[in-house]
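Visitor: can you look at this prediction? I've put the sequence above it.
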Amino acid sequence: MPNHHNQPIILTFGNPNTPEINPQPLNLEVEGVGSEVLTSHGSFVNLEVAARNAQKEKKTGGRVRPASQIHYHILAERKRREQLSQRFVALSTMVPGLKKMDKTSVLGDAIIYLKQLQERVKMLEEQVAQKTMQSIVLVKRSQLLVEDEGSSDDTGGPDEQPLPEIEAKICNKNILLRIHCEKHKGVLVKILSEVEKHNLAVMNTSVASFGNLALDITIIAE
């Protein structure tokens, strides 16, 4: 009598006539697609695509900008470009002889024009510095009062005396005075005293007689 204690006992449930089904492993690999996994949402995700997306998020710090922020940056960039275009238009109106209106030509011609203006300003400043006369003042009436010891016989007062003519020329820090006046004793001393009252230092003085009654006095002061 055979011993049945060493043989395994198989218990089945259901219809005993149902054919045995051998489970086969599920192959999710598709040619040209690569390995896929089943997510918790019930959809398949390509592993290579998921790896690339994860790498991108890692480079960007794992943060994705929202659509509102992207839209804001687009509007800000558009506004910046509009302002830049308006400034180029304004600059083109200030540059004379502009032939082309593209940004490169406008900017290049503006730089050339600015350099020309700088050279012009420099030349004008040099002309002013080298100019021998900045102003000429003809004084037809002077407040210079001279006591003439030799004119005590004159009956007229000071207002009746011929008044001197004064010409002043200014060059840098130097002043050239030319005075045409009547010949009086002490007139030169009085004139030099008046010049020094204006905080001027007399550098040179020359006196020449003009006829018997007039003097030409030249004074260089600083």
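Guide: Received, thanks.
Visitor: what's the neighbour count on the closest residue to N174 other than its chain neighbours?
Guide: Once flanking residues are discounted, N174 sits nearest to E222: 5.5 Å by C-beta to C-beta, 6 or more residues apart in numbering. C-beta here means a position set from N, CA and C on the backbone, and glycine is covered the same way. Residues lying near E222 (other C-beta atoms under 10 Å) number 11.
Visitor: what of L98?
Guide: When neighbours are counted by other C-beta under 10 Å, L98 registers 15.
Visitor: in three-state terms, label it for me.
Guide: State at L98, reduced to three classes by DSSP: H, G, I helix; E, B strand; the rest coil: coil.
Visitor: is it in contact with L107, as I believe?
Guide: No: with contact defined as C-beta atoms under 8 Å, L98 does not reach L107; the gap is 10.9 Å.
Visitor: isn't the residue nearest to N174 up against A201?
Guide: Yes: if you go by C-beta under 8 Å, E222 and A201 touch, sitting 5.1 Å apart.
Visitor: tell me what A168 is bridged to.
Guide: Counting by DSSP bridges, A168 forms beta bridges with V137, L177.
Visitor: tell me which residues in the helix or strand where V189 lies are buried?
Guide: V189 belongs to helix 187-196 when assigned by DSSP states H and E. Using 16 or more other C-beta atoms under 10 Å as the test for burial, helix 187-196 gives V187, L188, I191, L192, V195.
Visitor: with adjacent residues omitted, what lies nearest to the last one?
Guide: By the measure of C-beta to C-beta, 6+ apart, the closest residue to V195 outside its immediate chain neighbours is A221, 5.6 Å from it.
Visitor: is the one you found in a bridge, and if so with what?
Guide: Those that pair with A221 in a beta bridge, by DSSP bridges, are I175, V202.
Visitor: and the gap between it and E165?
Guide: For A221, the distance to E165 (C-beta to C-beta, to the nearest Å) stands at 18 Å.
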